[in-house]
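In: Fold the following.
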Amino acid sequence: MNNTEIIPATIFSKTIKGLGDIHLRFLDIEKDTKTIYDWVTRPYAMYWGMQEYTLEEVKLSYQQIVESEHHDAFIGILNNQPIFLMESYDALKDPVSAYYNAEKGDRGMHILVSPIKKKISNFTWYIFSTILEYLFSDPQTNRIVVEPDVRNEKIHILNKRAGFQYHKEIELPHKKAALAFCEKKDYEKALLLEAHKKNTQKTETND
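Out: This next block holds a predicted model:
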């Protein structure tokens, strides 16, 4: 009998200087549910909407996503440890499409970073940029759509840093959300701005 654990395959990787390699793989229901349950039921994950869920309810929710034809769930890995949960969906086939002029190639995205054990500078940005580069690596993705809770200030800051353009507030059944979009050119422009800031900081430090 072979007891060797089957390790889910990496589908995307990004090397972060000074941090290591962030790997992305599809969520494994049996392997990941307990970890996800621990994250989504903590106070910091209030905007994820699962704080009152039982383990079985979390498992069922992600089982439905895994089995969906237009919705996927992923786990991010660093140093063999899970560091974030990401959901990606075809916005044209999602209820959010009723709130704007949805187009083919619109990709929706949700992200939840793991509880912080040790503060790492720019950690969330490294995760966010890895996800965007993965999504934009698909030639069928024309723009990324997000609809975070209007009260979630931290994600708004991160979205705008990455080049998301905010359009309007919408009343979804479960939340009041801010609808925002990011095309690849918006993200690339944001990266240039990040590089400029970094170079400016280096220059000021060396003066």
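In: Quick test: name the residue nearest the centre of the protein.
Out: Central residue of the chain (CA atoms, centre = their mean): residue 111, 2.9 Å from the mean position.
In: what's across from it in the sheet?
Out: Counting by DSSP bridges, residue 111 is bridged to residue 86.
In: residues touching it, list them.
Out: By CB atoms under 8 Å, 6 or more residues apart in numbering, residue 111 lies in contact with 84-87, 127-128, 131, 155. Bear in mind the C-beta positions are built from the backbone N, C-alpha and C, glycine included.
In: tell me which residues in stretch 108-125 are buried?
Out: Using 16 or more other CB atoms under 10 Å as the test for burial, stretch 108-125 gives 108-114, 123-124.
In: next one: that stretch to chain centre, how far?
Out: 9 Å (CA atoms, centre = their mean, to the nearest Å).
In: residue ranges for the helices of the chain, please.
Out: In the chain, the helices defined using DSSP state H lie at 29-40, 55-67, 123-136, 153-161, 184-206.
In: okay, the angle between the last one and helix 123-136?
Out: Same thing as helix 184-206. Counting by axes from the mean of the first three to the mean of the last three CA atoms, to 10 degrees, helix 184-206 lies at 150 degrees to helix 123-136.
In: which stretch in the helices of the chain is the model least sure about?
Out: Among the helices of the chain, helix 184-206 carries the lowest mean pLDDT, at a mean of 83.
In: If you count neighbours, what's buried in that helix?
Out: Buried residues in helix 184-206, counted by 16+ other CB under 10 Å: 184, 186-187, 190, 194.
In: returning to what we had before: show me which of the contacts of residue 111 is closest to residue 29.
Out: residue 85 (12.7 Å; CB to CB).
In: can you pull the pLDDT of the residue nearest to the closest one when sequence neighbours are not counted?
Out: Excluding the flanking residues, the one nearest residue 85 by CB to CB, 6 or more residues apart in numbering is residue 112, at 4.5 Å. Among the per-residue scores, residue 112 shows a pLDDT of 97.
In: wait, residue 112 sits on residue 76?
Out: No. Using CB atoms under 8 Å, residue 112 is not in contact with residue 76; the gap is 10.1 Å.
In: Find the residues that touch each one of these two.
Out: With CB under 8 Å, 6+ apart as the test, residue 112 and residue 76 both reach 84-86.
In: between those, which is closest to residue 25?
Out: Scanning those for proximity to residue 25, where the rule is CB to CB, the winner is residue 86, at 10.5 Å.
In: Check the burial of that closest one by counting its neighbours.
Out: Number of residues near residue 86 (other CB atoms under 10 Å) recorded here: 22.
In: show me what contacts it?
Out: Counting by CB under 8 Å, 6+ apart, residue 86 makes contact with 24, 73-76, 109-112, 131.
In: Next, find the distance separating it from residue 32.
Out: From residue 86 over to residue 32 the distance is 12 Å, taken as CB to CB, to the nearest Å.
In: same question, residue 141
Out: The gap separating residue 141 from residue 32 is 24 Å, by CB to CB.
In: can you list the helices of the chain in JSON lines and add distance to residue 174?
Out: Output for the helices of the chain, formatted as JSON lines (distance: least, CB to CB, whole Å):
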{"stretch": "helix 29-40", "distance to residue 174": "14"}
{"stretch": "helix 55-67", "distance to residue 174": "13"}
{"stretch": "helix 123-136", "distance to residue 174": "23"}
{"stretch": "helix 153-161", "distance to residue 174": "16"}
{"stretch": "helix 184-206", "distance to residue 174": "27"}
